[in-house]
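> Quick one, fold the following:
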Amino acid sequence: MAGIGRKAREAATMLATAPTKQKDAALLAAAMCIRANVDDILAANEQDVADAKKNGLTPAMIDRLTLDTTRVEGIAKALEEIAALPDPVGSKIAEWDRPNGLHIERVRVPLGVIGIIYESRPNVTADAGALCLKAGNAAVLRGGSEASRSNKAIHASLVEGILASNLPEASIQLVPVTDRGAVGEMLKGLGGNLDVIVPRGGKSLVARVQEEARVPVFAHLEGVCHVYVDGEADLDMARDIALNAKLRRTGICGAAETLLVDEACAATHLAPLVKALLDAGCEVRGDEATQKTDARVKAATEEDWYTEYLDSIIAVRVVNGIGGAIAHIRKYGSSHTEAIVTGNQKTADRFFAEVDSAILLHNASTQFADGGEFGMGAEIGIATGKFHARGPVGVEQLTSFKYLVRGSGQVRP
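Okay, the predicted model is just below:
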């Protein structure tokens, strides 16, 4: 692990000044290699999925783990989309002149070496590595044991692309072991060589990283995401959004876990929304008003309002207008993603102003909480903290900045 850290630092020094064309060429070559090696990647993934099923992983975890030709093609396209993004390194954020003649510029620079600790999702290997490289950073990737074969197969294609473009092989390194000791070494900072850690996985993993890391962390603890159906919401739109937000992919952090319905429209909207969810195979756990709409609804407990199910389960509650929705989200939310469905722009504006989450949507599904959908090509994860990066962590968020001050002989009196 110490050697991995040293190699990453050496690679980061070279990547910080690598030309945009060279970095982009590496990503485009890696995309070609992903496509060329699709059979090897799928064969490796098939073994991982078989083991995951034997080991009793949840359906949500298996869904995150599973690759097919469409998903592998998506990985390759994401690499191409990242290559097409503007290079943030060296871009000018601001500039100004001082009365004494000094000209000051604030420009973007790479963070350095980024460690990513993740579970289940093999696509993170490509997404995280590519985003780091585009922003001039070296990446140290530590995937979960459940996806070890898939990660190695994808990483091999990334290395092919890197070498084809004459960049350091250590630009993107995959930790070759999956034991907890490797994570511990990364949390210590690999001998001062890691500049930031990004955990992407279950609550226990993220909590451990946040508690033990000796380097800065970009993370969210969990995604307890809400959809609020306002009294002035169109029922058909609300139904479509609620179903998509909950059920399109239940295992992603942007999946809705709680549905809030304004009491002003409960008489017309609550029962159809609950029925649509139940008929689609979703378990509904509701408050007293929700239970009355359908005998299939189970009673919600206090714990349900705090729960990230990552499964076909949703908690439903009737609230007293926009104020009641905001109060509920403030108490039970995780500052990840919330959506409001309403035809009233002023109500939507109040929701945007008063709900303090990383991502807020008006009349759209929470499943859009994704860097790719934001036009970032991909993301390393969703950060819910308030320092440096918040929301999807893409290329721009993987940079810091420095000040360039140009003078003509000025000295300070």
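> Show me how the protein divides into domains.
2-218+393-406, 225-368 (automatic domain parsing).
> closest one to residue 380 among those?
With Cβ to Cβ as the measure, domain 2-218+393-406 is the member of the domains of the chain nearest residue 380 (4.5 Å). To be clear about C-beta, it is placed using only N, CA and C from the backbone, and glycine gets the same treatment.
> Let's see the distance spanning stretch 378-393 from one end to the other.
Start to finish, the residues bounding stretch 378-393 are 9 Å apart (Cα to Cα, to the nearest Å).
> Mind listing what's buried along that stretch?
If you call a residue buried by 16 or more other Cβ atoms under 10 Å, then stretch 378-393 has these buried ones: 378-385, 389-393.
> how distant is that stretch from the center of its chain?
Offset of stretch 378-393 from its chain centre (Cα atoms, centre = their mean, to the nearest Å): 7 Å.
> Kindly report the same for stretch 95-113.
Mean-position distance between stretch 95-113 and its chain equals 30 Å (Cα atoms, centre = their mean).
> Next: stretch 25-37.
On Cα atoms, centre = their mean, the centre of stretch 25-37 falls 23 Å from that of its chain.
> Next: stretch 215-222.
Per Cα atoms, centre = their mean, the centroid offset for stretch 215-222 relative to its chain is 11 Å.
> end-to-end on it?
Across its full length, stretch 215-222 reaches 20 Å end to end, with Cα to Cα as the criterion.
> on that earlier part again, nearest to residue 413, of the domains of the chain?
Closest approach to residue 413 among the domains of the chain (Cβ to Cβ): domain 2-218+393-406, 9.4 Å.
> shaky segments in this protein?
220-221 (pLDDT under 70).
> Do you have the helices of it handy? List them.
Assigned by DSSP state H, the helices in the chain fall at 2-15, 20-36, 38-54, 59-65, 69-84, 123-134, 148-164, 180-188, 203-212, 235-247, 266-279, 288-291, 321-332, 345-354.
> next one: the third one to chain centre, how far?
This means helix 38-54. For helix 38-54, the distance to the chain centre is 23 Å (Cα atoms, centre = their mean).
> on contacts alone, who are the packing partners of it?
helix 59-65, helix 69-84, helix 148-164 (3 or more Cβ pairs under 8 Å, 6 or more residues apart in numbering; DSSP states H and E).
> I'd like to know which of those helices lies nearest to residue 317.
Closest to residue 317 of those is helix 59-65 (Cβ to Cβ; 22.9 Å).
> Just the buried positions in the closest one, please.
60-65.
> Report the two of those separated the most.
Farthest pair in the buried residues of helix 59-65, by Cβ to Cβ: 60 and 65, 9.8 Å.
> Would you format the domains of the chain as CSV with distance to residue 412 included?
Rendered in CSV, the data for the domains of the chain read as follows (distance: least, Cβ to Cβ, whole Å):
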stretch, distance to residue 412
domain 2-218+393-406, 9
domain 225-368, 41
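> Residue 407 and residue 97 touch, don't they?
No - Residue 407 is beyond contact range of residue 97, at 10.9 Å (criterion: Cβ atoms under 8 Å).
> Identify the contacts common to these two.
The overlap between the contact sets of residue 407 and residue 97 (Cβ atoms under 8 Å, 6 or more residues apart in numbering) consists of residue 103.
> any idea which of the buried residues of helix 59-65 is the one closest to residue 271?
For the buried residues of helix 59-65, the nearest to residue 271 is residue 60 (27.9 Å; Cβ to Cβ).
> Could you find the closest non-adjacent residue to the closest one?
Distances taken as Cβ to Cβ, 6 or more residues apart in numbering put residue 251 closest to residue 60, at 3.2 Å, once the chain neighbours are dropped.
> give the contact list for that neighbour.
Contacts of residue 251 by Cβ under 8 Å, 6+ apart are 59-61, 63-64, 310-311.
> Could you check how far it is from residue 186?
Computed as Cβ to Cβ, to the nearest Å, the residue 251 to residue 186 distance reads 25 Å.
> and if you look at residue 61?
Where residue 186 is concerned, residue 61 sits at a distance of 22 Å (Cβ to Cβ).
> what do you get for residue 323?
Taking Cβ to Cβ, one finds residue 323 at 44 Å from residue 186.
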